[in-house]
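**Student:** curious how this folds, go ahead:
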Amino acid sequence: MNMETEKLAGIFASAGAVGSLHAREIGVIDGPEVSLNADEPVVLASVFKVPFAVAYSREVSAGRLVETERTTVTSRYRVGGLGTAGCADDVEMSWRDLAFFMLAMSDNAATDVLYHRLGQAAVDAVLDDLNLKHTQIIGCGEDLDHQVAEDLGMDPKAGPVDLEAILAAATPQQIWSLGILDPARTPSSTARDIVRLLEAIWTDSAGSPEACERVRLMMAQQIWRQRLASGFDGSVLVAGKTGTLPAIRNEVGVVTYPDGRHYAVAVFTRAATLEDPQPAIDASIGQAARLAVDFLRQQ
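**Tutor:** Modelled structure (predicted):
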């Protein structure tokens, strides 16, 4: 372990977590990298919405999906949380706005409606085309909710799964044993794979230039600023996507400096406890990302 990785490990440990991180400058062939546990499997949580967004944008650019067409988010998807997921009534929106809600605020209902329109094959094509060999995504948020219910001995077919309620009623031992916290049983990847995905989006390699630009613009409007963005001042643009589950706090994104240099950063953490919130861990993501980017800028 070199000095940079020791510092990174120390940042996460001080916050009460273990972390995985990978960072490198976009567009620099064989350039320096910063890594900590970059090839270890990690739980994606809502970070899986980034490849969903790529699949969506590719379908739009190919003419197979008209982004201005409207659809309805029904009670089936009313799982609570921000956006359409927390609305009391059915919501009619365009596919374009649902994709925006998925990335900008991590709207789970918007994500699931979009996934059911795209299909698993469109998501798999993104992973295959970009050679993301260590990334697995099966299903959407609804499938994860059903998995939690089954893990806790409930019948997911009995009705909409209120994930917050059933987690609140579960014991810590039950929560730690859930499949959604096991990279082998849930959407997972590695920090290195996700940086490869971000690079492809920012170099127009994940799809057409138009498709990639669409994803970049949505990620740049994410509302969450307490993790990756907290490590940088206002002159630095951070386009990212968070991911959160019990004990899991992640964020991946691209950091762009005023001089035009771009840095892809993927940070994944696992807390030692189930406490919520975990502001120290949130802040550690920004601190670690800043340390990694500062190192890259000095090379």
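**Student:** what are the ranges of the strands in this protein?
**Tutor:** Secondary structure of the chain (DSSP state E): strands at 17-25, 33-36, 42-43, 70-73, 91-94, 188-189, 237-245, 248-256, 262-271.
**Student:** format the ones you listed as JSON lines; extra columns: mean pLDDT and mean neighbour count.
**Tutor:** All C-beta atoms are positioned from the backbone trio N, CA, C, and that covers glycine. Output for the strands of the chain, formatted as JSON lines (pLDDT from 0 to 100; neighbours: other Cβ atoms under 10 Å):
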{"stretch": "strand 17-25", "mean pLDDT": "98", "mean neighbour count": "23"}
{"stretch": "strand 33-36", "mean pLDDT": "97", "mean neighbour count": "21"}
{"stretch": "strand 42-43", "mean pLDDT": "98", "mean neighbour count": "24"}
{"stretch": "strand 70-73", "mean pLDDT": "98", "mean neighbour count": "16"}
{"stretch": "strand 91-94", "mean pLDDT": "98", "mean neighbour count": "16"}
{"stretch": "strand 188-189", "mean pLDDT": "98", "mean neighbour count": "26"}
{"stretch": "strand 237-245", "mean pLDDT": "98", "mean neighbour count": "23"}
{"stretch": "strand 248-256", "mean pLDDT": "98", "mean neighbour count": "25"}
{"stretch": "strand 262-271", "mean pLDDT": "98", "mean neighbour count": "26"}
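**Student:** ok, which of those comes nearest Asp128?
**Tutor:** Asp128 lies closest, by Cβ to Cβ, to one member of the strands of the chain: strand 188-189, at 14.0 Å.
**Student:** buried set for the helix or strand of the chain with the lowest mean pLDDT?
**Tutor:** Lowest mean confidence among the helices and strands of the chain (mean pLDDT, DSSP states H and E): helix 163-169, at a mean of 86. By neighbour count on 16 or more other Cβ atoms under 10 Å, the buried set for helix 163-169 is 163, 166-167.
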